[in-house]
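Engineer: Need a 3D model of the sequence below.
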Amino acid sequence: MADAFPFSAIVGQDEMKTALLIAAVEPAVGGVLAFGDRGAGKSTAVRALAALLPDLDVVPGCPYGCDPAEECTPDCPRKKSKKAAQRPAPVVDLPLGVTEDRVVGALDLERALTSGEKVFEPGLLARAHRGFLYIDEVNLLEDHIVDLLLDVAASGENVVEREGLSVRHPARFVLVGSGNPEEGELRPQLLDRFGLSVEVSTPVDIKDRVAVIERREAYERDRMTFAERWQRDEDRLREKIVRARSAVADVKVPRRMLEVAARLCVALGADGLRGELTLVRAARGLAALGGQKSITIKHLRKVAPMAMRHRLRRDPLDESGSGVRVERAVAEVFGA
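Structural biologist: Now for the predicted structure:
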């Protein structure tokens, strides 16, 4: 990721950048869905964030990138060792048309044919463990792959039972999807798995458009010089993420904030309780990023659109967009 465009240099798209930072600090929020115009920087932002994150401590040689401080699954072939290596936080692309074996892993055919050994060859889910699984054009993903992702996202574990193999390994990742709504809708089951949903649009301000072009041209001409120019901002943001990660578990959630989150979800007619959980987790991540020790109305108001706009039932009598409906409910529940 050394070649990635600097996250700090991305012009505008504040909601998308905020959602990605929250997911990096509080992975329990459940991932980010970015829907909007082509060429608006969705893929650039995801890769830029991954390059910004601190390296992970991993067990040397472990195919799953296990954390040395945690117990691993019995099927992990790692050797017991207190030693640790480091690797960048993984960002794994899940392409359209990918096969099931490529996603979950399969029998290593070469070793099976040459030596007769039944050895598991990990798939994309293993590579994405403790990192990001990125799906561009997620609304065009085949249904059987969607079903696989739903199972793993719910359990945090990948289970493979085939060809005489029985393997299970950890697969906890931040799911990030992007797409263009004009090309089709997302299955409701998968849509509900994304904690945050952001709308990405092409900037209309002339100054912003010119700034995007200038920065992209400078980056393409000399990536090293461009990276050096933004290094100080990247270092500051990286330190902010590290501090927030260590503090997020201690951010307090007053009971009154839980009541406000519940009132908002009731006002919006959200099904289930995932809305409240996402609101609270996202607000906690935002508070940690800001160095605050407790979530407030300000945090809930900020994350409400991205946490709730994709959870609304369709109302045939209301032609307003979901974002407008959330803003109306926020104004009613939180006050002007």
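
Engineer: For the helix or strand where residue 242 lies, output the C-alpha coordinates as PDB.
Structural biologist: Secondary-structure assignment from DSSP states H and E places residue 242 in helix 231-247. The C-alpha coordinates for helix 231-247 follow below in PDB (Å, rounded to 0.1, in the frame of the first residue of the first chain):
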ATOM      1  CA  GLN A 231       3.400  12.800   5.100                       C
ATOM      2  CA  ARG A 232       2.900  15.000   8.100                       C
ATOM      3  CA  ASP A 233      -0.900  15.000   7.800                       C
ATOM      4  CA  GLU A 234      -0.900  11.200   7.300                       C
ATOM      5  CA  ASP A 235       1.300  10.800  10.500                       C
ATOM      6  CA  ARG A 236      -1.000  12.900  12.500                       C
ATOM      7  CA  LEU A 237      -4.100  11.000  11.300                       C
ATOM      8  CA  ARG A 238      -2.400   7.700  12.000                       C
ATOM      9  CA  GLU A 239      -1.600   8.700  15.600                       C
ATOM     10  CA  LYS A 240      -5.200   9.800  16.000                       C
ATOM     11  CA  ILE A 241      -6.500   6.400  14.900                       C
ATOM     12  CA  VAL A 242      -4.000   4.600  17.200                       C
ATOM     13  CA  ARG A 243      -5.100   6.700  20.200                       C
ATOM     14  CA  ALA A 244      -8.800   6.200  19.300                       C
ATOM     15  CA  ARG A 245      -8.400   2.500  19.000                       C
ATOM     16  CA  SER A 246      -6.900   2.200  22.500                       C
ATOM     17  CA  ALA A 247      -9.600   4.500  24.000                       C
END
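
Engineer: average pLDDT for that helix?
Structural biologist: Helix 231-247 carries an average pLDDT of 91.

Engineer: Also stretch 266-284?
Structural biologist: Across stretch 266-284, the per-residue pLDDT values average to 87.

Engineer: got the end-to-end distance for that stretch?
Structural biologist: For stretch 266-284, the first-to-last residue distance is 21 Å (Cα to Cα, to the nearest Å).

Engineer: Pull out the buried residues from it.
Structural biologist: Along stretch 266-284, these residues count as buried under the neighbour rule (16 or more other Cβ atoms under 10 Å): 267-268, 270, 274-284. To be clear about C-beta, it is placed using only N, CA and C from the backbone, and glycine gets the same treatment.

Engineer: which residues touch the residue nearest to residue 36 when sequence neighbours are not counted?
Structural biologist: In space, residue 36 comes closest to residue 200 once its chain neighbours are excluded; the distance is 3.2 Å by Cβ to Cβ, 6 or more residues apart in numbering. Residues near residue 200 by Cβ atoms under 8 Å, 6 or more residues apart in numbering: 13, 16, 34, 35, 36, 37, 40, 41, 42, 178.

Engineer: Looking at these, which is nearest residue 53?
Structural biologist: For residue 53, the nearest member of the contacts of residue 200 is residue 16. The distance, counting by Cβ to Cβ, is 16.4 Å.

Engineer: For burial, what's the neighbour tally of residue 225?
Structural biologist: Residues near residue 225, counting by other Cβ atoms under 10 Å, number 10.

Engineer: mind checking pLDDT for it?
Structural biologist: At residue 225, the model reports a pLDDT of 90.

Engineer: ok, and the closest non-adjacent residue to residue 50?
Structural biologist: With Cβ to Cβ, 6+ apart as the criterion, residue 50 has its nearest non-adjacent residue at 4.0 Å, and that residue is residue 91.

Engineer: Please tell me how far residue 18 sits from residue 306.
Structural biologist: The spacing between residue 18 and residue 306, counted by Cβ to Cβ, to the nearest Å, is 8 Å.

Engineer: So for these two, which residue has more residues nearby?
Structural biologist: In terms of neighbours (other Cβ under 10 Å), residue 306 is the more surrounded of residue 18 and residue 306; the figures are 27 against 20.

Engineer: nearest spatial neighbour of the more buried one, skipping sequence neighbours?
Structural biologist: Once its chain neighbours are removed from consideration, residue 306 has its nearest residue in residue 196; the separation is 4.4 Å (Cβ to Cβ, 6+ apart).

Engineer: Would you map the helices across the stretch 51-200 of the chain?
Structural biologist: Counting by DSSP state H, counting those that start in this stretch, the stretch 51-200 of the chain forms helices over residues 100-104, 109-115, 124-128, 143-155, 188-191, given from the N-terminal end onward.

Engineer: what packs against the shortest one?
Structural biologist: If you count contacts as 3 or more Cβ pairs under 8 Å, 6 or more residues apart in numbering; DSSP states H and E, helix 188-191 packs onto helix 143-155.
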